[in-house]
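Asks: when you get a sec, could you give me coordinates for this:
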Amino acid sequence: MPMLTNYSDNPPTREEVDALEGAVLLEFGTDWCGHCKAAQPHIVKAFTDHPELHHIKVEDGPGRKLGRSFRIKLWPTLIFLRDGKEIERLVRPTDSKPILQAMAAIHA
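Replies: Have a look, this model is predicted:
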C-alpha cells in the first residue's frame, strides 16, 4: 500500500484500528499544519525503504474520537502499530532516521 498524501476526515474507528493485522503507520495531523508539512519529506524518505507499509493518515482536531483515544496532543504524531498494538510513537519528527527505526521495529 503506498504512502498517503492527504489526511482523511473519515478515519477508521478505534475498534477497526485495534483489529488491524500486520505493520501499520497511523499518522495524525492536518493538511494545513506547518509541523505536518515539514515532516512530510522525512516520512516520504522513510517510505522509500518500506513501501509495503500500510499507511493511515487521519485528520485530527478537537473532538475527533480516534485522536482522543490515542491521546494525541501535537501534530504530526506517528503511531507505529503491529497487529493493532502500539509499538512506537514519534511526535513532530524532524529526521527520517527515527521514522526508519520505528518502521523496522514494527516489521520485527
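Asks: hang on, Gln101 is in a helix, isn't it?
Replies: Yes: assessed with DSSP: H, G, I helix; E, B strand; the rest coil, Gln101 lies in a helix.
Asks: what's the helix or strand for Glu27?
Replies: In this assignment (DSSP states H and E), Glu27 forms part of strand 23-29.
Asks: now do that strand: which elements does it pack against?
Replies: Using 3 or more C-beta pairs under 8 Å, 6 or more residues apart in numbering; DSSP states H and E, the elements in contact with strand 23-29 are helix 34-49, strand 54-59, strand 77-82, helix 96-107. The way it works is simple: take the backbone N, C-alpha and C, and place the C-beta from them, glycine included.
Asks: and those as CSV, adding distance to Ala19 and mean neighbour count?
Replies: Listed next are the helices and strands packed on strand 23-29 as CSV, based on distance: least, C-beta to C-beta, whole Å; neighbours: other C-beta atoms under 10 Å:
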stretch, distance to Ala19, mean neighbour count
helix 34-49, 24, 16
strand 54-59, 13, 20
strand 77-82, 11, 22
helix 96-107, 16, 17
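Asks: same list, those, but as a markdown table with mean pLDDT and distance to Thr13 please.
Replies: Converted to a markdown table, these look like this (pLDDT from 0 to 100; distance: least, C-beta to C-beta, whole Å):
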| stretch | mean pLDDT | distance to Thr13 |
| --- | --- | --- |
| helix 34-49 | 95 | 23 |
| strand 54-59 | 96 | 11 |
| strand 77-82 | 98 | 14 |
| helix 96-107 | 96 | 21 |
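Asks: mind listing the residues bridging to the spatially most central residue of the chain?
Replies: Central residue of the chain (C-alpha atoms, centre = their mean): Glu27, 2.2 Å from the mean position. Per DSSP bridges, the residues bridged to Glu27 are Lys57, Leu78.
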